[in-house]
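Visitor: Structure for the following, please:
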Amino acid sequence: MKKILISIGPIYGKLDSVKIITNKFKGGLAALTAKKLAEKRPKDKITIVKCKETEFYKQGESEIKNLSIVNVEDFYEYEKFVLNNKFDAYILAAAVANLIPKSPYKGKFPSHNYKEEEIINIPFIIARRAINRVKKNFPRATLIGYKLFDGNEEELIKAGWKLLTESKANAVFCNTPETAKEKKICLLPDGAKIRMNFEEHISFINRIINLKWYKTNIVEKKKPKFRESKEFFDLLNKTAESYYPYYFGCVACKIGKGFYTTLRGKKEINKKLAYVYKVNHKYKIVFADKKASLNAPLLDIIFNATGAKVVVHAHKKIDFPALDYVFSGTSEEDDIRRKIIEMNVQGCNALNINHHGYYSWFSSFEEARNFLSGRNKALRKINWEDYNENFPERYLEKSMFDDIVINEIESLARKLKRKINVLEIGSNKLIRYYGNRFINKYYVFDPNVNVTDRRVEAIGEKEIKSKDFDFIIMRNSFNYLNKNEIKYLVKSARKNKALVLFNTFKFPTIMDRLYQSKTSNGVESSRYDEKTGKITHTLSPKGKNFIIKHEFFYYPMQEIRLLLKGLKLIVDERENTLYVKAGP
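Guide: Okay, the predicted model is just below:
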């Protein structure tokens, strides 16, 4: 159970025992926020603090069980209650009077002692901002503020940043009087600006309250020398962006068991860095010699998941896969660890986080520098769902392989004197269905795409064991199978006495050539690594800051014969292409 405080309505400045200084806002939206949050969090204890004249429940509304109300007389009682009572979360949505009498009159102001239109000297002061003192009293509490500003959006956001940075809030929701009911801009400590409607802002608050934040333990012990600090600051100067009053974006460099990175809340780009010795993700602790960037937990995850030496983060979006926004310095970043590992394994070295910018990782400062200057492109994993759009059109055209398939389907059906069952492996969503004249069932196995063609039946790996096939087709997909997968397929073919047909290449292809796809054009390249037996294929779309990269195996014909042992092979050789038919 969490204890949550929500302030609503106008908070008065007291002039005397009956007169108040206030504003025109009634607190209806703040009250609605509290009610909806109470519905979402029935196990939590929610306290409302307001001035006693402010209405909370409308006529006929039932009281909410997990919600209690504290009434205060004025600003001073409000400030005392907020700063002297500990809660897990403070949602300060009240319109607090910031212009109050320095010394309120005791009792009623004696107006009868003054003449009409007589000038009265009543000193006013700018009230202390309770929101700016919450984190000093309760540093581990969640703090959410609101900024209402009657001006243009640029002025609104600047006023919101000022409140966020001075109060050290976890979030500030900004809006103008005209847009308060429809939309808000949420400002976050990592520099993110997220636009949302009223209902979305309530769900966002609920999400923020559930967060587990990392904390920093300052450690004083020996740290490794940083001999590449000049390269570090060269990169930082190219990536950091100034949002009042801080610079956002960071660079990190792996040195020893830890890493150097920028300081939290940097107001200038200088030569001061933090060294992060270790990040304990289980207990959410960053061990460092200074308070490091809010991004330190995610930087640690990237270093450990990728083996990189340098990580660059900038508040820009690049043409790469994007993940949903995650709160920096929280447990939410732990949830994307697996995604980063998967992307790195697939050859991708960058990602976007919506509303927060990109992270890209490199093996050296030179790689990072070339990437930022445009001389080097980041690696992007292949998206097989978009194969038909992004890959060279030559791979999509009808080929000799299709003519062979058509002939073999008809020949096999006539031989067996029945319609046959076909399994296609690796369709890439480009399914060349060959009609139902000779085909009974057409199965497709491709774990990388969502097969939606109703003429065929998509199956999983387990179903390959239980289905009966007469003909197995692998168009441009045989070389994506590893040796164990090929042996498994051979076993299935022998069990079903099935015919297997695939195309491959006689020699590993090494090339650089221009290509044209449905959406772009550029340079297509391939390289062969004899040690791994793999071919690396890349597409460099013109005008893009990334390359698409993937790998597959090269199997010499001698090795193919060994892998397909037990099946009779007929090989048709056309230049560097081999058409292999294997059967019982």
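Visitor: And the helices in the stretch 401-550 of the chain?
Guide: Along the stretch 401-550 of the chain, counting by DSSP state H, counting those that start in this stretch, helices occupy 461-466, 483-496.
Visitor: Same check on the chain?
Guide: Under the criterion DSSP state H, the chain contains helices at 28-40, 75-84, 131-137, 153-167, 198-210, 229-239, 296-306, 337-345, 365-373, 387-390, 400-416, 461-466, 483-496, 557-563.
Visitor: right, so of the helices of the stretch 401-550 of the chain, which gets closest to residue 265?
Guide: Among those, helix 461-466 comes nearest to residue 265, with 50.4 Å by Cβ to Cβ. Placement of C-beta: from N, CA and C, glycine included.
Visitor: Distance from the closest one to the middle of the chain?
Guide: 35 Å (Cα atoms, centre = their mean, to the nearest Å).
Visitor: ok, now stretch 336-349?
Guide: With Cα atoms, centre = their mean, you get 13 Å for stretch 336-349.
Visitor: remind me which residues of the stretch 251-400 of the chain are low pLDDT?
Guide: 266-270, 374-378 (pLDDT under 70).
Visitor: For the residue lying closest to residue 480 once chain neighbours are set aside, name its beta-bridge partners.
Guide: In space, and not counting its chain neighbours, residue 480 is closest to residue 552: 5.0 Å by Cβ to Cβ, 6 or more residues apart in numbering. Taking DSSP bridges as the rule, residue 552 bridges to residue 535.
Visitor: mind listing what residue 552 touches?
Guide: The contact partners of residue 552, by Cβ atoms under 8 Å, 6 or more residues apart in numbering, come to 479-480, 534-535, 537.
Visitor: which helices and strands does the helix or strand of the chain with the lowest mean pLDDT pack with?
Guide: Lowest by mean pLDDT, DSSP states H and E among the helices and strands of the chain is strand 378-381, with a mean of 70. Applying 3 or more Cβ pairs under 8 Å, 6 or more residues apart in numbering; DSSP states H and E, one finds that strand 378-381 contacts strand 350-353, strand 546-553.
Visitor: mind listing what's buried in the last one?
Guide: Within strand 546-553, the residues scored as buried using 16 or more other Cβ atoms under 10 Å are 546-549, 551-553.
Visitor: If I take it and helix 483-496, what angle do their directions form?
Guide: Orientation check (axes from the mean of the first three to the mean of the last three Cα atoms, to 10 degrees): strand 546-553 against helix 483-496 gives 60 degrees.
Visitor: Tell me how far strand 546-553 lies from the chain's centre.
Guide: 23 Å.
Visitor: Ok, the shortest one next?
Guide: Distance of strand 350-353 from its chain centroid, counting by Cα atoms, centre = their mean, is 7 Å.
Visitor: pretty sure residue 325 contacts residue 357?
Guide: No: proximity of residue 325 to residue 357 does not meet the contact threshold set by Cβ atoms under 8 Å, at 10.7 Å.
Visitor: Domain boundaries for this structure, per the record?
Guide: Here the domain assignment for the chain is 3-210, 215-379, 393-508+557-583, based on automatic domain parsing.
Visitor: what about the chain, any weak spots by pLDDT?
Guide: Across the chain (using pLDDT under 70), the flagged ranges come out as 243-245, 266-270, 374-378, 428-433.
Visitor: which residues does the residue nearest the centre of the chain form a beta bridge with?
Guide: Nearest to the centroid of the C-alpha atoms of the chain, with distances taken as Cα atoms, centre = their mean, sits residue 323, at 2.9 Å. Counting by DSSP bridges, residue 323 forms beta bridges with residue 353.
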